[in-house]
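*Asks:* Any chance you can model this:
(one chain, ligands or ions: 2)
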Amino acid sequence: MSQITDDCFAFGGPLMRAAEALELIRTRTPAVTGPDTRPLADAAGHVLAEDITALSASPPQDNAAVDGYAFRGADLDPDGETALTLRGRAAAGHPEARPLEPGEAARIFTGAAMPRGADTVVMQEDVTLAEGRVVVPAGLKSGANRRRAGEDVAAGQTLLKAGIRLGPAELALAAAGGIAHLPVRARPHVALLSTGDEIRPAGSPLDHGDVHDANAPMLMALLRRIGIEAHHHGIVADSPAAVREALERAAEGADLVITSGGASTGDEDHVRDAVGALGAVHLWRLAIKPGRPLAFGHVRGTAFVGLPGNPVAVMVCFLMFVRPLLDRLEGAEAAPLRRWPVTAGFEMRSKADRLEWLRGTLRQGENNEMIADRHPRQGSGIIHSLTDSDGLIEIPEATTAVRPGDRLGFISFREALS
Ligand SMILES: Nc1nc2c(c(=O)[nH]1)N[C@H]1C(S)=C(S)[C@@H](COP(=O)(O)OP(=O)(O)OC[C@H]3O[C@@H](n4cnc5c(N)ncnc54)[C@H](O)[C@@H]3O)O[C@H]1N2
Ligand code: MOO
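*Replies:* Numbers count the residues shown, from 1 in each chain. Ligands and ions are numbered 1, 2, ... in the order given. Next up is the predicted model:
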């Protein structure tokens, strides 16, 4: 049978590059999760839905950075010590009501509002006290040890931009700016399906030819790690009808359906055709290793990703493609994964025109450089290559050979999974 030549999915045709696939995922994935309002305590991990303006300044007023004595900087003797009369006391939450007069110093503690008139604080360890007087040593600068009102947050300033993912520091900033509730996007509902006649749930007995489902627990954990409780819809048999029925069921009420297995070109691989029949396949088969049979599209309007069956490909494709897709569904402005510069500690040949991610470990070289060594077993089914490694060594498309000393990019699992 002749092949339709403009079929971009034609087996044997040029494969789509990873960068192009990411761009396609970006442009084809609208933000779908609805807005929600959450108290700060429940907002971590959510994407902010609108720009947030500070209602109040932080600090709200000038205050002391140290325990000591507050006074007027203008009183400092430029030529030596300064003796001041001790009067008044300001502790955090207990301001001194009386304004400070010239020549006076007030006892003050860290975080206490500066008495009116005072602009400088001397540390208690640096003074001498005698008969109601405080002697400030020479050399202190006017304005020392004082934190200015609004030096961190000015009232009315844009505090947080829509699209950021809220972490602990962002919540602290919001609270400091007088905000108690935040408009956020709901986390996406993710449905998982494992496909394959040979797949059995973890712990169940195996007949000849069966394997345990390693992908479901890995994907559930990957999603939980980023705050998403996925729903696992079980294991689907390798039949067109079963795959189609399971996909339709999984798509109901979900924002994303993720399958593993059955994505390739074999007679028993039905995922791509089922997705095509129920929605559309936007991309399938990429110039990458591992993960070549990755598919992306939609099922009845719900975003869909078909991951290959091999567990290492599942992990790599999740980090490289599924995470950015989830960010898009939530309207997040996410930075791409960082590639840390490392030195190759190994030698290999690589197929041109294919982006490759090797599993590898890092060690410190003699000149403090980070050296990346590749795991000795790079098969897509070797889960040990994940548990034994620090991350992924990226071999660019144009590279055909790697020699010891070459510079490469390294994606840290710890960072990618945070
Ligand atoms: N003729 C070709 N054969 C293959 C190609 C190709 O381009 N042409 N691609 C290879 C690549 S690369 C990959 S990756 C695999 C992926 O294929 P599928 O997505 O169809 O996955 P399966 O065939 O269903 O499974 C592959 C492998 O993974 C095991 N598996 C599947 N699900 C699980 C699970 N939940 N837990 C643990 N292990 C799982 C399965 O038993 C197979 O061993 O195709 C290559 N072939
Ligand atoms: O791309 Mo497949 O994941 O190597 O084995």
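*Asks:* I figured residue 359 hits residue 379, correct?
*Replies:* No: if you go by CB atoms under 8 Å, residue 359 and residue 379 don't touch, sitting 10.2 Å apart. All C-beta spots, glycine's among them, are computed from the backbone N, C-alpha and C.
*Asks:* out of those two, which sits in the busier spot?
*Replies:* In terms of neighbours (other CB atoms under 10 Å), residue 359 is the more surrounded of residue 359 and residue 379; the figures are 25 against 12.
*Asks:* so how far is the helix or strand hosting the more buried one off the chain centroid?
*Replies:* Here residue 359, judged by DSSP states H and E, is contained in strand 355-364. Mean-position distance between strand 355-364 and its chain equals 20 Å (CA atoms, centre = their mean, to the nearest Å).
*Asks:* Kindly report the same for stretch 114-126.
*Replies:* On CA atoms, centre = their mean, the centre of stretch 114-126 falls 42 Å from that of its chain.
*Asks:* need the contact list for the residue located most distally from the centre of the chain.
*Replies:* Using CA atoms, centre = their mean, the residue of the chain lying farthest from its centre is residue 131. It sits 58.4 Å away. For residue 131, the contact set (CB atoms under 8 Å, 6 or more residues apart in numbering) is empty.
*Asks:* can you check residue 378 too?
*Replies:* Contacts for residue 378 (CB under 8 Å, 6+ apart) come out as 358-359, 385.
*Asks:* can you list the domains in this structure?
*Replies:* 7-33+187-329, 36-58+151-185, 63-147, 340-416 (automatic domain parsing).
*Asks:* Would you mind grabbing the residues shared as contacts by residue 359 and residue 379?
*Replies:* Common neighbours of residue 359 and residue 379 (criterion: CB under 8 Å, 6+ apart): 312, 385.
*Asks:* Check the residue farthest from the centre of the chain and give its pLDDT.
*Replies:* Residue 131 carries a pLDDT value of 92.
*Asks:* my guess is residue 408 contacts residue 394, does it?
*Replies:* Yes: taking CB under 8 Å as the definition, residue 408 is a contact partner of residue 394 at 6.3 Å.
*Asks:* Would you quantify the distance from residue 176 to residue 47?
*Replies:* 21 Å (CB to CB, to the nearest Å).
*Asks:* neighbour-wise, which of those two wins?
*Replies:* More crowded of residue 176 and residue 47, by other CB under 10 Å: residue 47, with 23 against 17.
*Asks:* Keeping just the C-alphas, turn the helix or strand that contains residue 173 into CSV.
*Replies:* Following DSSP H and E, one finds residue 173 within helix 168-176. Written as CSV, here are the backbone C-alpha positions of helix 168-176 (Å, rounded to 0.1, in the frame of the first residue of the first chain):
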residue,chain,number,x,y,z
PRO,A,168,6.8,29.6,50.6
ALA,A,169,8.7,32.8,49.9
GLU,A,170,5.9,34.2,47.6
LEU,A,171,3.4,33.5,50.4
ALA,A,172,5.6,35.3,52.9
LEU,A,173,5.8,38.3,50.6
ALA,A,174,2.0,38.4,50.1
ALA,A,175,1.5,38.3,53.9
ALA,A,176,4.1,41.1,54.4
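*Asks:* Specify the beta-bridge partners of residue 256.
*Replies:* residue 190, residue 303 (DSSP bridges).
*Asks:* Verify the stated contact: it with residue 191.
*Replies:* Yes: between residue 256 and residue 191 a contact is recorded at 7.3 Å, counting by CB under 8 Å.
*Asks:* so where's this structure shaky on pLDDT?
*Replies:* Within the chain, the stretches with pLDDT under 70 are 1-13.
*Asks:* Tell me the residues of it that contact ligand 1?
*Replies:* 194, 196, 198-199, 211, 213-215, 260-265, 269, 290, 292-293, 308-311, 313, 380-381 (CB under 6 Å from any ligand atom).
*Asks:* go again using 5 Å as the cut-off
*Replies:* Near ligand 1, the residues belonging to the chain are 194, 196, 199, 211, 213-215, 260-265, 269, 292-293, 308-310, 313 when assessed by CB under 5 Å from any ligand atom.
*Asks:* ranges for the strands of the stretch 151-300 of the chain?
*Replies:* Assigned by DSSP state E, counting those that start in this stretch, the stretch 151-300 of the chain shows strands spanning 158-160, 181-185, 190-195, 199-200, 211-212, 231-236, 256-260, 279-284, 288-289, 295-299.
*Asks:* try the stretch 1-150 of the chain
*Replies:* 35-39, 47-48, 52-53, 63-64, 68-71, 82-90, 104-108, 120-123, 128-130, 133-136, 146-147.
*Asks:* closest one to residue 348 among those?
*Replies:* Residue 348 lies closest, by CB to CB, to one member of the strands of the stretch 1-150 of the chain: strand 47-48, at 39.2 Å.
*Asks:* I'd like to check what contacts the closest one. Which residues are they?
*Replies:* With CB under 8 Å, 6+ apart as the criterion, strand 47-48 contacts 160-166, 170, 182-185, 327, 330-332.
*Asks:* Identify the bridge partners of the nearest residue to residue 279 once chain neighbours are set aside.
*Replies:* Leaving aside its chain neighbours, residue 279 sits nearest to residue 298 (4.2 Å; criterion: CB to CB, 6 or more residues apart in numbering). When bridges are called by DSSP bridges, residue 298 pairs up with residue 280, residue 303.
*Asks:* Thanks a lot, catch you later.
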